[in-house]
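Novice: sequence unknown, structure follows:
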């Protein structure tokens, strides 16, 4: 299973003439997750040729405007397009109060049906689960209640070696148990250990989204071993005091989190509008965590 | 006095990858009027280097999302930037109900103070007046209550000819009356007619904004003689039935309105997303009204 992440916006709150506020799309086979929905998300979806009708699950990290002001426009457009589906919105509970008046004002029957799922802002929680994927939310540390999200493939079963089925004459009925980890007892009573019969399953893929947040060590345990970590880096170390005051992170701190959580790769974003050139962010983070990339709008990152 | 109109967005409701929903800025000396505020207005303001702090008056034609979904983001950003001023919003009364929950959710003291002025949706009304400028709203014909706006310079006084002051020895005290139209009586009782003493004032400038609307003849009388008319042209004549059904106009109908209202120039916009090439709009309109231009984003039109 491949995870394909498209960055729609990776700027912080104040608009610039060429960077959009936070929004990203994570595509896994058969599912398309929208994560945050800053103003302009719908135009960025168009530019990146992502069909609106594929979006059934929207995750909103917190209720600062640069993370949700694009939601009403997106829902309204899905409705104008006649998309007929439930749209699940996982967000702090107040979101419903904030946009319901606007939803109510859209006259006539809505073709989409927004379903609000209030997030637990105090502790980790499984917010979505399918056969292959689960999504966890977990608290991060910001000026208002904010969560991160962890998207992970469910652990897969081991693969049974075909030559072993033949060699030990393993009956079909037992294959399921062996895939799940059982040993096999031959007709003459020998125990064949599971390791000999199977090859281990591929490591489940995972993606963690952490913005907006100060450097917050408890996150590391939750996202431990993640394949790709998106972590905010609003500032450079030269503005560390401002990062602390506003409960944001520096590029260096984002890299520290990648290291602490044993991530394979780090993607940094949510850049403050004051920085025109983003290369310094990459340089600063790479001093601590080499496999760091900038989250560039319109770019795809594949896990 | 010059009127400078900047088009920030001239597309209709469905987003395209390169055209924004309705928003424009009309600058007159000392004032900056924002007209409609579709999603993305703040990024378009940045791109066009128009300072957010100059915007004190916002006019919203109606409450379809593509005309107001950018407002909360703009107000929020003005607040983040610490702009300290009243911001007057002229809009259908429900707008306040729709965005007040989001305004309330912006924690802490707001540096800006939004002041809502409910529009009369049934008859023409002066909604703003300063020494030099007045703004009228007037009903147009759409699927929900919608107004157009007429921005016009107040009539100026005539200029008194300097050589006449000398020739007839006109006392200072009478100059004001003569500028306002009075004749002058000389010491020996001769009446000098006003036309001989003055040159007529320049024609007051005017700009009319009409979107969204079907072709609606009563508008012509209100905006009669306007210098520049922005009129929606969502469709081409080939989709006239759809225009009628959705209470929008075709390019030809926009041109008919320019002709009927004796406008000097016509600007058409609010193009349906289905049209990639806009030249056909210009061609169609020019068959009826020659001095027609397309409203192109980022372009300035000077009256």
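Specialist: Alright, I've got the coordinates. Keep in mind that this is a model prediction, so the values were computed, not measured. Residues are numbered from 1 along each chain as shown, chains lettered A, B, ... in the order given.
Novice: which parts of the stretch 51-200 of chain A sit against chain B?
Specialist: Selection of the stretch 51-200 of chain A residues close to chain B by Cβ under 8 Å from any Cβ of the partner chain yields A:63, A:65, A:69-70, A:72-73, A:76-77, A:80-81, A:94, A:97-99, A:101-102, A:105-107, A:144. Where you see a C-beta, it was placed from the backbone N, CA and C, and this is true even at glycine.
Novice: please repeat the previous calculation with a cut-off of 10 Å.
Specialist: A:52, A:63-66, A:68-77, A:79-81, A:94-95, A:97-107, A:143-144 (Cβ under 10 Å from any Cβ of the partner chain).
Novice: pLDDT weak spots in the stretch 51-200 of chain A?
Specialist: Confidence mapping of the stretch 51-200 of chain A against pLDDT under 70 gives the ranges A:107-108.
Novice: can you map out the helices along it?
Specialist: A:71-80, A:94-105, A:162-168, A:172-179, A:194-197 (DSSP state H, counting those that start in this stretch).
Novice: deepest in the core, which of those is it.
Specialist: Comparing those by mean neighbour count (mean count of other Cβ atoms under 10 Å in any protein chain shown), helix A:71-80 ranks first with a mean of 24.
Novice: name the helices or strands packed onto it?
Specialist: Contact analysis of helix A:71-80 by 3 or more Cβ pairs under 10 Å, 6 or more residues apart in numbering or on different chains; DSSP states H and E lists strand A:31-37, helix A:41-47, strand A:57-59, strand A:86-91, helix A:94-105, strand A:113-118 as its packing neighbours.
Novice: strand A:31-37 and that helix, what's the angle between them?
Specialist: If you take axes from the mean of the first three to the mean of the last three Cα atoms, to 10 degrees, helix A:71-80 sits at 140 degrees to strand A:31-37.
Novice: helix A:71-80: how far from the chain's middle?
Specialist: From the chain centre to the centre of helix A:71-80 is a distance of 22 Å (Cα atoms, centre = their mean, to the nearest Å).
Novice: you'd agree residue A:286 is up against residue A:266?
Specialist: Yes: counting by Cβ atoms under 10 Å, residue A:266 is a contact partner of residue A:286 at 9.1 Å.
Novice: circling back to that earlier point, now distance to residue A:255 too, for the helices and strands packed on helix A:71-80, in JSON lines please.
Specialist: Output for the helices and strands packed on helix A:71-80, formatted as JSON lines (distance: least, Cβ to Cβ, whole Å):
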{"stretch": "strand A:31-37", "distance to residue A:255": "21"}
{"stretch": "helix A:41-47", "distance to residue A:255": "27"}
{"stretch": "strand A:57-59", "distance to residue A:255": "24"}
{"stretch": "strand A:86-91", "distance to residue A:255": "28"}
{"stretch": "helix A:94-105", "distance to residue A:255": "31"}
{"stretch": "strand A:113-118", "distance to residue A:255": "32"}
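Novice: of all these, which one is nearest residue A:175?
Specialist: Closest approach to residue A:175 among the helices and strands packed on helix A:71-80 (Cβ to Cβ): strand A:31-37, 28.4 Å.
Novice: report whether that closest one contacts chain B.
Specialist: No: judged by Cβ under 10 Å from any Cβ, strand A:31-37 stays clear of chain B, getting no closer than 11.2 Å.
Novice: ok, stretch A:226-238 next?
Specialist: No: using Cβ under 10 Å from any Cβ, stretch A:226-238 never reaches chain B; the gap is at least 13.3 Å.
Novice: distance to residue B:240 added to the helices of the stretch 51-200 of chain A, as TSV?
Specialist: Output for the helices of the stretch 51-200 of chain A, formatted as TSV (distance: least, Cβ to Cβ, whole Å):
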stretch	distance to residue B:240
helix A:71-80	21
helix A:94-105	29
helix A:162-168	68
helix A:172-179	65
helix A:194-197	73
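Novice: of the ones you listed, which is nearest residue B:190?
Specialist: helix A:94-105 (68.2 Å).
Novice: figure out how far that closest one is from the centre of its chain.
Specialist: For helix A:94-105 - counting by Cα atoms, centre = their mean - the centre lies 25 Å from the chain centre.
Novice: then stretch A:74-82?
Specialist: Using Cα atoms, centre = their mean, the offset of stretch A:74-82 from its chain centre is 24 Å.
Novice: next: stretch A:212-231.
Specialist: 11 Å.
Novice: in it, what counts as buried?
Specialist: A:212-216, A:219-220, A:222-223, A:226-231 (16 or more other Cβ atoms under 10 Å in any protein chain shown).
Novice: which two in these are spaced the farthest apart?
Specialist: A:214 and A:227 (23.7 Å).
Novice: re the thing from before, nearest to residue B:182, of the helices of the stretch 51-200 of chain A?
Specialist: So among these, helix A:94-105 is nearest, using Cβ to Cβ, at 54.4 Å.
Novice: same for the closest one, what does it pack against?
Specialist: For helix A:94-105, the contact count by 3+ Cβ pairs under 10 Å, 6+ apart identifies helix A:71-80, strand A:86-91, strand A:113-118, helix B:94-105 as packing neighbours.
Novice: how big is the angle separating the first one from helix B:94-105?
Specialist: Spelled out, that is helix A:71-80. Inter-element angle recorded for helix A:71-80 and helix B:94-105: 140 degrees (by the same axes, to 10 degrees).
Novice: orientation of helix A:71-80 relative to strand A:113-118 in degrees?
Specialist: 150 degrees.
Novice: next one: the longest one
Specialist: Regarding helix B:94-105 and strand A:113-118, their directions subtend 20 degrees when assessed with the same axes, to 10 degrees.
Novice: from residue A:136, how far off is residue A:90?
Specialist: Using Cβ to Cβ, to the nearest Å, residue A:90 is found at 11 Å from residue A:136.
Novice: who has more neighbours, those two?
Specialist: residue A:90 (24 against 20; other Cβ atoms under 10 Å in any protein chain shown).
Novice: the more buried one contacts residue A:60, doesn't it?
Specialist: Yes: counting by Cβ under 10 Å, residue A:60 is a contact partner of residue A:90 at 6.9 Å.
Novice: can you list residues touching both of these two?
Specialist: A:35, A:116, A:119, A:147, A:149 (Cβ atoms under 10 Å, 6 or more residues apart in numbering or on different chains).
Novice: quick check, nearest of those residues to chain B?
Specialist: Comparing the shared contacts of residue A:90 and residue A:60 against chain B with Cβ to the nearest Cβ places residue A:116 closest, at 14.4 Å.
Novice: show me the beta-bridge partners of that closest one.
Specialist: Beta-bridge partners for residue A:116, by DSSP bridges, are residue A:89.
Novice: show me the contacts for it.
Specialist: A:60, A:87-93, A:95-97, A:99-100.
Novice: what about residue A:273, neighbour count?
Specialist: 15.
Novice: just give the nearest non-adjacent residue to it, would you?
Specialist: residue A:14 (4.2 Å; Cβ to Cβ, 6 or more residues apart in numbering or on different chains).
Novice: measure that neighbour to residue A:270 for me?
Specialist: Counting by Cβ to Cβ, the gap from residue A:14 to residue A:270 is 12 Å.
Novice: list the residues that contact both of the two?
Specialist: With Cβ under 10 Å, 6+ apart, residue A:14 and residue A:270 have common neighbours A:21, A:66.
Novice: more crowded one of those two?
Specialist: Neighbour count, other Cβ under 10 Å: between residue A:14 and residue A:270, residue A:270 has more, with 28 against 18.
Novice: returning to what we had before: the residue nearest to residue A:273 against residue A:38, yeah?
Specialist: No: using Cβ under 10 Å, residue A:14 is not in contact with residue A:38; the gap is 11.6 Å.
Novice: shared neighbours, these two?
Specialist: With Cβ under 10 Å, 6+ apart, residue A:14 and residue A:38 have common neighbours A:21, A:66.
Novice: show me the contacts for the closest residue to chain B within the stretch 151-300 of chain A.
Specialist: Nearest residue of the stretch 151-300 of chain A to chain B (Cβ to the nearest Cβ) works out as residue A:273 at 9.1 Å. Counting by Cβ under 10 Å, 6+ apart, residue A:273 touches A:11-17, A:19, A:234, B:46.
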